[in-house]
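A.B. asks: requesting a structural model of the entry that follows:
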Amino acid sequence: MLISYLVIAAIIFAAFIFLMMSTSLFLRRVVPTNEVHIVQSGKATVSYGKEHEAGNTYYEWPAWLPKIGIVKIVLPVSVFDGDLEAYEAYDKGRLPFVVDVKAFFRISDSNLAAQRVSSFDELRSQLLAILQGAVRTILASADIEEIMQGRSQFGEAFTREVEAQLINWGVSTVKNIELMDIRDASASHVIKNIMEKKKSLIEMQSRIEVAENMKRASIAEIEAKRETDVQLQDALQKVGSRTAEKDKAIGIANEQAQQAIKEQAKITTEKELEITKVSEVTSANIAKDVQIVKATQDKETAAINKDMAVIEAAQEKETTILVAEGTKATTILVAEGNLESKKRESEGIAVEGTARAEAEKAMQLAPVQAQIVLAKEIGNNEGYQKYLITIEQVKANQAVGIEQAKALSQADLKIIANSGNVENGMKGVMDIFSSNGGTNVGAMLEGLAQTEQGEALLKKVGLNSDKKDK
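C.D. replies: Residues are numbered from 1 along each chain as shown. This is a model prediction of the structure:
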């Protein structure tokens, strides 16, 4: 019987051991890396997780089991956040507004945190309550404008306020609490009015700054324009002074040139008047001689026509000879005159060419100087002046010779030469109309009267040969 009881006990114990081992396989827990499990047993509180002394595995025995039963709390090891969204707050003037606050926490002492709360949700709820109290207290001590302008400062104040309390929960902040947003509460326009005020202030300051900048720009432009105008006036004054000096110098030079030209023109005019005077005197003398010759010719021709009727035939022959000689002499005279004219003309052309070359050279140097040089050249060039006088004299002699030849060709003259030839008998046709010609004619008639034939001839033509008649 004893053996049977022992066997039964052994079997029961083995079954129990098997049951415990099988159950332990289902109750074994491995803590994730981002969690910590705080296990409360009848003897102690132990935290399981990464970097904990107890390790990261345990058996979750039901709490109803005596001695080995446990109670666990799961808390995160990673950072978790706490948000206050649309939290209504007041400033120290009791002006309402709504804020959004965001905080980041981590569990620094898991055992202490497990003592304070029974779950993570409860821990988060308590942390948010702490955060609300800190936000309410700090914001109620400042004006809303200060809050809007110093968000970062208020975030630091929130952090300092909650850190002293979070130590009691085994929790710490990861970074400064941030005041994310601040806005008007429902039916409130405080922040909107402040923003409009700030906006109008900024716009006013911007317009003032723009106006000031425009004012400075206008002043700078005015100063720049004034300086530019002053410099331009100085430049124009200098240019005007130099232009006046240049015009003055040019005016003086022009006046001097005009004076020199007028002086040279005066000299040239005097020379031309002298040439004209000589030409007119020569022409007058020639005309006078022609008139005298013509008058003498008319007078003596009337007397000789009566005396020369006797020798008409001989006179015709001699007239032909005389006309031929006169034509010859006229031709020679004309040829010599033309030759002399061409010679003088070539000399004048050479002189004129030289003067033109000098004049063109002077014209290239200066138009005014060219006129002065040309005037001086004409006034001082006696060769050119003599050339002009000679041309006029040749033209006059040519005209007189031609008119004399025409007069002799039309005259009914007969010349008888007693010795040699016609040239020796009478040096020139004009001798007929001179006192020498009259004396010769008288001597001829006297000679005729000394002979019987001559005396008969004179009687025949109506000339009395008596000494009384003579």
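
A.B. asks: tell me how the protein divides into domains.
C.D. replies: As assigned by automatic domain parsing, the chain contains the domains 2-74, 79-188, 276-460.

A.B. asks: check these for me: which has the lowest mean pLDDT.
C.D. replies: Lowest mean pLDDT within these: domain 276-460, a mean of 66.

A.B. asks: what's the single longest helix in this structure?
C.D. replies: In the chain, ranked by residue count with DSSP state H as the criterion, the top helix is helix 190-307.

A.B. asks: by contact count, what packs against that helix?
C.D. replies: strand 96-107, helix 144-149, helix 367-380, helix 382-410, helix 435-449 (3 or more C-beta pairs under 8 Å, 6 or more residues apart in numbering; DSSP states H and E). C-beta coordinates here come from the backbone N, C-alpha and C atoms, glycine included.

A.B. asks: got the angle between that helix and strand 96-107?
C.D. replies: On the basis of axes from the mean of the first three to the mean of the last three C-alpha atoms, to 10 degrees, helix 190-307 is oriented at 110 degrees to strand 96-107.

A.B. asks: what sits up against stretch 149-163?
C.D. replies: 101, 103, 130-131, 134-135, 137-139, 142, 147, 172-173, 176-179, 182 (C-beta atoms under 8 Å, 6 or more residues apart in numbering).

A.B. asks: of those, buried ones?
C.D. replies: Buried members of these, counted by 16 or more other C-beta atoms under 10 Å: 101, 103, 130-131, 134-135, 138-139, 142, 147, 173, 176-179, 182.

A.B. asks: quick one on the thing from earlier: in strands, which of the contacts of stretch 149-163 fall?
C.D. replies: In strands, defined here by DSSP state E, the members of the contacts of stretch 149-163 are 101, 103, 172-173, 178-179, 182.

A.B. asks: from those residues, which is closest to residue 282?
C.D. replies: Of all the ones in strands among the contacts of stretch 149-163, residue 282 sits closest to residue 182, with 130.5 Å by C-beta to C-beta.

A.B. asks: which strand residues bridge the closest one?
C.D. replies: Beta bridges link residue 182 to residue 99, judged by DSSP bridges.

A.B. asks: check which residues of stretch 263-272 are buried.
C.D. replies: Buried residues in stretch 263-272, counted by 16+ other C-beta under 10 Å: 264-265, 268, 271.

A.B. asks: what of stretch 220-236?
C.D. replies: Under the neighbour-count criterion of 16+ other C-beta under 10 Å, stretch 220-236 has nothing buried.

A.B. asks: and the average pLDDT for that stretch is what?
C.D. replies: 87.

A.B. asks: quick one: residues in contact with it.
C.D. replies: Nothing outside stretch 220-236 qualifies as a contact, by C-beta under 8 Å, 6+ apart.

A.B. asks: please redo it, this time with the cut-off set to 10 Å
C.D. replies: 240, 243 (C-beta atoms under 10 Å, 6 or more residues apart in numbering).

A.B. asks: kindly report the same for stretch 86-99.
C.D. replies: 84-85, 100-101, 128, 131-132, 135-148, 151, 154, 179-188, 190-191, 194.

A.B. asks: recalculate using a threshold of 6 Å.
C.D. replies: Stretch 86-99 has contacts (C-beta atoms under 6 Å, 6 or more residues apart in numbering) with 136, 139-141, 143-144, 182-183, 185, 188, 190-191.

A.B. asks: give me the distance between the two termini of it.
C.D. replies: 5 Å (C-alpha to C-alpha, to the nearest Å).

A.B. asks: and stretch 29-44, by the same measure?
C.D. replies: End-to-end distance of stretch 29-44 (C-alpha to C-alpha): 18 Å.

A.B. asks: alpha carbons of stretch 62-69, as PDB, please.
C.D. replies: The C-alpha trace of stretch 62-69 is given here as PDB (Å, rounded to 0.1, in the frame of the first residue of the first chain):
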ATOM      1  CA  PRO A  62      -1.200  35.300 -12.700                       C
ATOM      2  CA  ALA A  63      -1.700  37.500  -9.700                       C
ATOM      3  CA  TRP A  64      -4.000  35.100  -7.900                       C
ATOM      4  CA  LEU A  65      -1.200  32.600  -7.500                       C
ATOM      5  CA  PRO A  66       0.300  32.900  -4.100                       C
ATOM      6  CA  LYS A  67       3.900  33.800  -3.800                       C
ATOM      7  CA  ILE A  68       4.700  33.800  -7.500                       C
ATOM      8  CA  GLY A  69       1.800  35.900  -8.900                       C
END
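
A.B. asks: now do the buried residues in stretch 69-86.
C.D. replies: Here stretch 69-86 shows 70, 72-73, 75-77, 80, 82, 84 as buried, counting by 16+ other C-beta under 10 Å.

A.B. asks: I should have written stretch 166-175 there, sorry.
C.D. replies: 166, 169-171, 173.

A.B. asks: hang on, the earlier thing: let's have the contacts of stretch 86-99 in JSON lines, adding distance to residue 199.
C.D. replies: Shown next, in JSON lines, are the contacts of stretch 86-99 (distance: C-beta to C-beta, whole Å):
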{"residue": "136", "distance to residue 199": "29"}
{"residue": "139", "distance to residue 199": "23"}
{"residue": "140", "distance to residue 199": "27"}
{"residue": "141", "distance to residue 199": "27"}
{"residue": "143", "distance to residue 199": "18"}
{"residue": "144", "distance to residue 199": "16"}
{"residue": "182", "distance to residue 199": "16"}
{"residue": "183", "distance to residue 199": "16"}
{"residue": "185", "distance to residue 199": "20"}
{"residue": "188", "distance to residue 199": "18"}
{"residue": "190", "distance to residue 199": "15"}
{"residue": "191", "distance to residue 199": "12"}
